[in-house]
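Participant: Build the 3D model from these lines:
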Amino acid sequence: MDITQRKITKIAREAEKLVLLTVREEGVGTAEIDLIHALRHHPGCTQAQLAELLHADKAAIARRTKNLEGKGYLTRQDAPNDRRSQLLFPTEKAENLKSSKAEVEAAFYEYLTGVLTQEEAADRLKISQLHFGRLERGERPISLEMLAQIASVLDVSLSALLNGCMIGEDFSQRPSRGSESLGQSVAAIANGCSSASQRLMLELCRVVAQSDKQSDVKPEGE
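Facilitator: Numbering: from 1, shown residues only. This is a model prediction of the structure:
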């Protein structure tokens with residue numbers, strides 16, 4: 001199993017744990033949830049048939065059905081062709097439990113795919129929310145290492161972070177310098193940085209160059 005499949009499996013397990021914790025508050029155990037699920041898909045079956053479906057012994061199924069009947073999750077009806085046998089049916093309460101389960105799962109996956117709040121992002125970066133807010137608003141200088149950490153926390157590439165979040169600085173007010181001078185300045189800065197910082201600077205340069213090329217492309221029809 002590759003890493004993506006393992007992550008999906010782990011997420012599914014966590015979702016199931018949350019569902020179980022939620023329905024337990026309604027007085028329903030794990031084994032009883034399985035029985036209700038089977039009964040919803042096979043209404044009108046007997047206890048013996050449930051035992052086969054759930055691969056459980058008949059005595060255990062008899063105890064669970066008795067408990068669930070007392071809690072209002074199933075009803076019994078005499079079988080029309082065999083008075084000694086009873087058919088089991090889920091009640092409206094059991095159907096509502098299905099809706100509750102779906103709502104819990106939906107809320108869990110919505111949380112997973114939601115955008116981190118400023119407080120959550122700051123906590124993962126181990127900085128104060130105030131400091132993170134200042135970085136976000138451009139009120140504080142930000143290092144390449146911090147940019148890389150933010151990209152990791154937000155689970156996006158550094159390129160995507162820069163393209164989506166950076167606000168272009170207005171260089172028109174600065175004294176113009178030749179391309180050779182600029183290149184030398186960039187090289188001098190890079191030489192004074194660590195290898196990791198140099199790699200981040202290279203990726204940043206690529207992002208800026210790509211954005212510059214895209215801005216030069218005129219839309220069709222112009």
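Participant: Tell me where this structure has strands.
Facilitator: Per DSSP state E, the chain carries strands over the ranges 74-79, 82-90.
Participant: Residue 32 is nearest to which of those?
Facilitator: strand 74-79 (10.0 Å; Cβ to Cβ). C-beta here means a position set from N, CA and C on the backbone, and glycine is covered the same way.
Participant: which stretches of the protein have low pLDDT?
Facilitator: Low-confidence segments of the chain, defined by pLDDT under 70: 1-2, 4, 7-8, 99-100, 111-115, 156-192, 207-222.
Participant: let's go with 90 and repeat that
Facilitator: Scanning the chain for pLDDT under 90 picks out 1-34, 37, 79-85, 93-222.
Participant: where exactly do the helices run in the chain?
Facilitator: Shown for the chain, the helices assigned by DSSP state H span residues 3-24, 30-41, 47-54, 58-71, 92-113, 118-125, 129-136, 144-154, 158-165, 179-191, 195-216.
Participant: what's near enough to touch the closest residue to residue 108 other than its chain neighbours?
Facilitator: Closest residue in space to residue 108, ignoring its immediate chain neighbours: residue 15 at 5.0 Å, by Cβ to Cβ, 6 or more residues apart in numbering. Counting by Cβ atoms under 8 Å, 6 or more residues apart in numbering, residue 15 makes contact with 105, 108, 109.
Participant: Any figure for the gap between residue 15 and residue 116?
Facilitator: 19 Å (Cβ to Cβ, to the nearest Å).
Participant: Who wins on neighbours among the contacts of residue 15?
Facilitator: Counting neighbours by other Cβ atoms under 10 Å, residue 108 leads these with 18 neighbours.
Participant: For residue 21, see how far away that one is.
Facilitator: On the measure of Cβ to Cβ, residue 108 and residue 21 end up 11 Å apart.
Participant: and what of residue 155?
Facilitator: To residue 21, residue 155 is 26 Å away according to Cβ to Cβ.
Participant: What of residue 123?
Facilitator: Counting by Cβ to Cβ, the gap from residue 123 to residue 21 is 23 Å.
Participant: Then residue 122?
Facilitator: From residue 122 over to residue 21 (counting by Cβ to Cβ), the distance is 28 Å.
Participant: Looking at those two, which one has more neighbours?
Facilitator: Legend: neighbour count by other Cβ under 10 Å for residue 122 and residue 21, higher for residue 122 (20 against 10).
Participant: and residue 20, what is it in contact with?
Facilitator: Residue 20 neighbours (Cβ under 8 Å, 6+ apart): 30, 33.
Participant: Who are the contact partners of residue 109?
Facilitator: residue 15.
Participant: quick revisit: would you mind saying which of the strands of the chain lies nearest residue 56?
Facilitator: Nearest to residue 56, of the strands of the chain and by Cβ to Cβ, is strand 82-90 at 14.2 Å.
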